[in-house]
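K.L.:
sequence plus predicted model, see below.
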Amino acid sequence: MSYFSNITNAVGTLVEGMKVTMGYFVRPREHVTLQYPDEVWPIPSRNIGVGELDTYNTIRSKLTVDMNDCIGCKACERACPVNCIHIDTYKGTPEDNLQITSNGTQVKLLVANFTIDMSECMFCDLCTPPCPEDCITMTPDYQFISNDNLKTDVTPEERWRDRDLLIYQFSKVSEAERQRRKAEAEEIAKAKAIAMAAKKAAAEKAAAEKATQEASVVETPEIITPEAVAEVEVVETIDIPIETVLPAETTEATETPVVPTQSEAESEKLVESEDSTTKESDNG
Amino acid sequence: MIQSLANWILSFDILSGMGQSIAWGISLFVVSALIFAFVAVNAIVLVYIERKVSAFMQVRLGPMRVGKFGTLQTVADALKLLQKEDIIPEKADKPLFVIGPWIILVASVVTFAAIPFSDTLLAANMNIGLFYVVSISSIVVLGIVMAGWASNNKWSLYGAMRSAAQIISYEIPVGITLIAVVAVVGSLNLQTIIQAQAGSSNLFHWIPIPLPNWFIFHSPFLFLASFIYLIGATAEINRTPFDIPESESELVAGFMTEFSGLRWALFFLSEYANATLVAFLVAIVFLGGWQSPFADYKGAQISLLIVTLVSIMWTIFVKTKVGRLSVYPLGLSLLLVVAAWLFPGFAVWLSSPGLFWMLMKVAFIIFLLMWFRWTFPRLRVDQLMYVSWKVILPISIVNLMGVAVWMWLSGEIQF
Amino acid sequence: MGRLHAEEMVLNMGPQHPSTHGVLRLKLTTDGEIVSHIEPVIGYLHRSFEKHAENLEYQMVTPFTGRCDYLAAMGSEHGYAMAVEKMLGIELPERVEYLRVIFAELQRIASHLVAVGTFGLDVGAITPFIYCFRERELILDLFEMASGARLLYNYIWIGGLAHDVPPGFVEKTYEFLDAFDERVTEYNQILTGNKIFIERAADIGVMTPEVAINYGVTGPSLRASGVNLDIRKTQPYSIYDRFDFDVPLGEGIQGTVGDSWDRYYVRVLEMKESAKIVRQALDQLPVEGDVKSAIPRRIRPPKGEVYFRSENPRGELGYYVVSNGKNVPLRVKMRSPAFSNLSVINEIGQGFMISDVIAILGSLDIVLGEIDR
């Protein structure tokens, strides 16, 4: 008898299921399809009360930077987990006419190069909160399609490597100026390197002399006077302010300070440089 | 029909010079081309209908961009398939690989020669029409096994083996069910079977509800037989819930995996040709073929009125979300009833037999097949076999005996 | 006359397959259709999450945790945040705790919708999958409102949340909850009670409680075998002890206890329970509170280690974080629940047919991103 009850049970449940699909079939107006691009889902926007930003769209898509407010602190570069932001800053000169940001801060560094590689960005939004001037934001512009990709005389390999469309350059400095500043910084760095090398050589020579001196002089502990020290030490001093740091590709431990005039910032910098060596050394 | 077309060709003065056999040959060619064209156009339309039906059942829209409401989508797909690279695997058995799809297609299309589309449109009026259809459509198994074996692919082989087991085991209940109908009519000729369903009679011979004299209303045994046949036929054409051979989520595409481009299009064509064939058989054998459900124009008007009133009652009183009628069926029935009462000519046309009613019934059965496909999960192979041998087969044998008893009781036969 | 020698066939359900949930390779040794040995081969989605975490600061690891289990990203971030907060000893404001519970439970509903839908898809029912994803879209809209992203959020930060929820969020969540209960009835009508589905899923892949515990299976798969272990009840973390919800167990309604139907049905019931929790949390949500007030300026936990377990939609998600005083963790290990759940497939899949192996895999609900990390 369970044979027959099985069959009737089967037919009953199957008919139940058919009722559900039929119910949807006769109501095609309740469909959930949006025919893109004619119909677009509305993007939610809301006010999270960030400064003067009235409606902060929270859809996390392309990044944008308001260069009028950027002070070149590189907080966003440090916060990025995938290192897709690259910033080059140089000490500002009076010819650059550096502006005052909307928060009232005087910009002291010239941001010559501010690129964000959108093909590496993972849209995690970790770069926007640390910015002290709220100039980097994620926009709700989610369409990455562009007609430039329709070039027809490129090989597939070339098109793959043509990622320039996705590297966004925000700095308003011209390319010529950028190169000039970079060359200048390199020269200064070279001079500094020579100076450091010379200092090191002189120190070694002095140490070697001292060793021979000590070897020849027996048992008379020489009182080392400050003048003696001053004599032995560095031949040449070059006064290089610490702000003109090396360009971004070097992996030395020093970094630009947040605002150069604050000593707290400097001590912070030293602490962070000690901590982030592991991160920087892994920089690929 | 071939003869009548030949006569028509010869009736032209210019063409009357050619001999009988040449005219006959030309008309044979024309009729075959028409049948093949019907199958091809039918497949194109059915692909689109299936995509739209499945989309509406799944709360979405289906193709909408190519042509208005996506009507040219299948044409675009066909063009795409035609220009694809023809890949034959290196270790595949080349002759079988090439012939396999063609066998399936040829077997499906050839059966259409015996199907009566209307009282005059029939390519070959065979006395053994039903037997011819059932036996030729079984050749499909050969093509499937060839395709699966020639692919040199373990998964395809699985699909082909399962399909062979499934089709062969569902042939028997399908055959026995059709025999039950033949027992009532006394002839295998499909045209005779349809003509035996003319007129109207009571439901199940004794219940006094006037219904058309279709075999589905002949007796509860034939009523059950129609559902048995529908289930068996769904298994014959490899559709869900019996689509184990081409189960998409398990075997990628089963025995069709290695075929691409035009060869895959042939498989697809034959699948829809088979589905249409099965729908035609159900319509012919159980639903009265090209007979109209209305006896005369008055009957048409009154029946449509009753249907509309019932739909209005349903819409008002059935409150559940699923049970409520939506505006489309209700609007359609209102439109029909108003047209039938206002224009008696429309009602006369509705009550006369012809191609229109045949296609309506075929469309309804195909819609049922699509409804099954998009609602149910699929059965496993051994469960499929269980259903065939232990459920469908005993029921169909009991049906056969019951039909005989019923016919004796209702006086159609005397011992 | 010797015996007819029949060899066993080794079949490869390769990395690219419609039904293995991700890039998983299963080597099946079959005799005809009956499977005698299953060997899962993983590693096709390994992205070195744990090695990356050794070079990123604590707050930067959060987006990477979401990418491991991409179907339940809120749960992964939540577990990691709580692990580090335990090391730091932070006390969270009430509003943050309630919001975190709301998001975790909404994510549980979303993940179970995928599990239920794909299980139906594996056995051949295509339509319920689309219905499940229609509900999931509503949940993803809620997440988009709150965090800005639909799938990978970086929203649950160490010490709080990234931003507060916008004003219309609570009303929209109530709307979703009101519409959700009748949908579950619909799934039951079209799939759960369907005789064909029951034939495909009942008595398939029976996992006894002993086998489940021995292999380390956790989550709904374990509870379907009758073992009453839910971390939210046995070791309540966050504020789960304030909510009233049941833990559904498998009872073998349609077959043996611990078969695939039970694993599927436990997930359906859990969706309803999660909806209950969300409703209670919304009712009790404190209106005042700053979600960013407890986020530390610099995250440098003291030297030490912590193992924190939380209830992911797939099971017990554990984070073992070791700190040596710097702001970069020394080691972050993720105990992924799907990894242990997958390991049991050889034990429970023997003797069934190939179609059943696919059904069992679907009922275990694995995510390859979490297994391979």
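P.N.:
Everything's here; your move. Residues are numbered from 1 along each chain as shown, chains lettered A, B, ... in the order given.

K.L.:
when you work out contacts or count neighbours from here on, use the C-alpha atoms and nothing else.
P.N.:
Fine.

K.L.:
any weak-confidence spans in the stretch 1-150 of chain A?
P.N.:
A:44-58, A:145-150 (pLDDT under 70).

K.L.:
make it 80
P.N.:
A:1, A:26-30, A:36-59, A:92-99, A:101-103, A:139-150 (pLDDT under 80).

K.L.:
cool, and the stretch 151-300 of chain B?
P.N.:
Judged by pLDDT under 80, the stretches of the stretch 151-300 of chain B that qualify are B:153-159, B:199-200, B:202, B:205-206, B:208-210, B:240, B:244-258, B:295-300.

K.L.:
can you give me the helices in it?
P.N.:
B:154-185, B:190-195, B:220-236, B:248-251, B:262-285, B:297-317 (DSSP state H, counting those that start in this stretch).

K.L.:
what mean pLDDT does the helix or strand harbouring residue B:345 get?
P.N.:
Counting by DSSP states H and E, the element that carries residue B:345 is helix B:344-351. The average pLDDT for helix B:344-351 rounds to 79.

K.L.:
and that helix, what's buried?
P.N.:
B:346-351 (16 or more other CA atoms under 10 Å in any protein chain shown).

K.L.:
so how far is it from its chain's centroid?
P.N.:
26 Å (CA atoms, centre = their mean, to the nearest Å).

K.L.:
follow-up on the earlier one: list just the one of the helices of the stretch 151-300 of chain B that sits closest to residue A:95.
P.N.:
Across these, residue A:95 has its closest neighbour in helix B:248-251 (68.4 Å, CA to CA).

K.L.:
let's have the buried residues of helix B:344-351 in TSV, adding distance to chain C.
P.N.:
Formatted as TSV, the buried residues of helix B:344-351 follow (distance: CA to the nearest CA, whole Å):
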residue	distance to chain C
B:346	39
B:347	39
B:348	41
B:349	39
B:350	36
B:351	38
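
K.L.:
so can I have JSON lines of the helices of the stretch 151-300 of chain B showing distance to residue C:143 and mean neighbour count?
P.N.:
Shown next, in JSON lines, are the helices of the stretch 151-300 of chain B (distance: least, CA to CA, whole Å; neighbours: other CA atoms under 10 Å in any protein chain shown):
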{"stretch": "helix B:154-185", "distance to residue C:143": "41", "mean neighbour count": "21"}
{"stretch": "helix B:190-195", "distance to residue C:143": "61", "mean neighbour count": "22"}
{"stretch": "helix B:220-236", "distance to residue C:143": "44", "mean neighbour count": "22"}
{"stretch": "helix B:248-251", "distance to residue C:143": "30", "mean neighbour count": "22"}
{"stretch": "helix B:262-285", "distance to residue C:143": "42", "mean neighbour count": "23"}
{"stretch": "helix B:297-317", "distance to residue C:143": "38", "mean neighbour count": "16"}
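
K.L.:
of those, which approaches residue C:94 most closely?
P.N.:
Residue C:94 lies closest to helix B:248-251 among the helices of the stretch 151-300 of chain B, at 46.1 Å (CA to CA).

K.L.:
on that earlier part again, next, format the helices of the stretch 151-300 of chain B as a markdown table and append distance to chain A.
P.N.:
Converted to a markdown table, those look like this (distance: least, CA to the nearest CA, whole Å):
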| stretch | distance to chain A |
| --- | --- |
| helix B:154-185 | 17 |
| helix B:190-195 | 30 |
| helix B:220-236 | 11 |
| helix B:248-251 | 21 |
| helix B:262-285 | 19 |
| helix B:297-317 | 13 |
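
K.L.:
now do the contacts for the residue nearest the centre of chain B.
P.N.:
Most central in chain B under CA atoms, centre = their mean is residue B:279, positioned 1.6 Å from the mean C-alpha point. Applying CA atoms under 8 Å, 6 or more residues apart in numbering or on different chains, we find residue B:279 in contact with B:362-363, B:365-366.

K.L.:
most neighbours, which of those?
P.N.:
Using other CA atoms under 10 Å in any protein chain shown as the neighbour criterion, residue B:362 leads those with 24 neighbours.

K.L.:
tell me who's in contact with that one.
P.N.:
With contact taken as CA under 8 Å, 6+ apart, residue B:362 is in contact with B:276, B:279-280, B:283.

K.L.:
go on, residue B:75?
P.N.:
Residue B:75 touches residue B:44, counting by CA under 8 Å, 6+ apart.

K.L.:
what helices and strands are in contact with the helix holding residue B:345?
P.N.:
Other helices and strands packing on helix B:344-351, by 3 or more CA pairs under 8 Å, 6 or more residues apart in numbering or on different chains; DSSP states H and E, are helix B:297-317, helix B:327-342.

K.L.:
which one of those lies closest to residue A:206?
P.N.:
helix B:327-342 (100.9 Å).

K.L.:
now do the closest one: distance to the chain's middle.
P.N.:
Offset of helix B:327-342 from its chain centre (CA atoms, centre = their mean): 27 Å.

K.L.:
quick revisit: CA atoms only for the helix or strand following the helix holding residue B:345, dumped as CSV, please.
P.N.:
The C-terminal neighbour of helix B:344-351 among helices and strands, as given by DSSP H and E, is helix B:355-373. What follows is helix B:355-373, C-alpha atoms only, in CSV (Å, rounded to 0.1, in the frame of the first residue of the first chain):
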residue,chain,number,x,y,z
LEU,B,355,-4.4,23.3,-38.8
PHE,B,356,-5.1,26.1,-36.3
TRP,B,357,-6.4,23.6,-33.6
MET,B,358,-3.7,21.1,-34.3
LEU,B,359,-1.1,23.8,-33.6
MET,B,360,-2.9,25.1,-30.6
LYS,B,361,-2.9,21.7,-29.0
VAL,B,362,0.7,21.0,-29.9
ALA,B,363,1.7,24.4,-28.4
PHE,B,364,-0.1,23.5,-25.2
ILE,B,365,1.7,20.2,-24.8
ILE,B,366,5.0,21.8,-25.5
PHE,B,367,4.3,24.4,-22.9
LEU,B,368,3.6,21.6,-20.5
LEU,B,369,6.9,20.0,-21.3
MET,B,370,8.7,23.3,-20.6
TRP,B,371,6.8,23.8,-17.4
PHE,B,372,8.0,20.4,-16.2
ARG,B,373,11.6,21.2,-17.2
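
K.L.:
around chain B, pick out the residues from the stretch 1-150 of chain A.
P.N.:
A:14, A:17-28, A:30-33 (CA under 8 Å from any CA of the partner chain).

K.L.:
for the top strand by length along chain A, packing partners?
P.N.:
In chain A, with assignment by DSSP state E, the single longest strand is strand A:109-117. Counting contacts by 3+ CA pairs under 8 Å, 6+ apart, strand A:109-117 packs against strand A:85-91, strand A:167-169, helix A:175-216.

K.L.:
tell me the phi and psi of the closest residue to residue C:140 other than its chain neighbours?
P.N.:
Nearest non-adjacent residue to residue C:140, counting by CA to CA, 6 or more residues apart in numbering or on different chains: residue C:150, 5.3 Å away. Dihedral angles of residue C:150 (phi, psi; degrees, to the nearest 10) stand at phi -90, psi -30.

K.L.:
partners of the worst-scoring helix or strand of chain C on mean pLDDT in the sheet?
P.N.:
Least confident helix or strand, chain C: strand C:9-13 with a mean of 80, by mean pLDDT, DSSP states H and E. Strand C:9-13 sits in its sheet next to strand C:25-31 (antiparallel), going by DSSP bridges.

K.L.:
distance from the strand it pairs with to the middle of the chain?
P.N.:
Here strand C:25-31 is found 26 Å from its chain centre; the criterion is CA atoms, centre = their mean.
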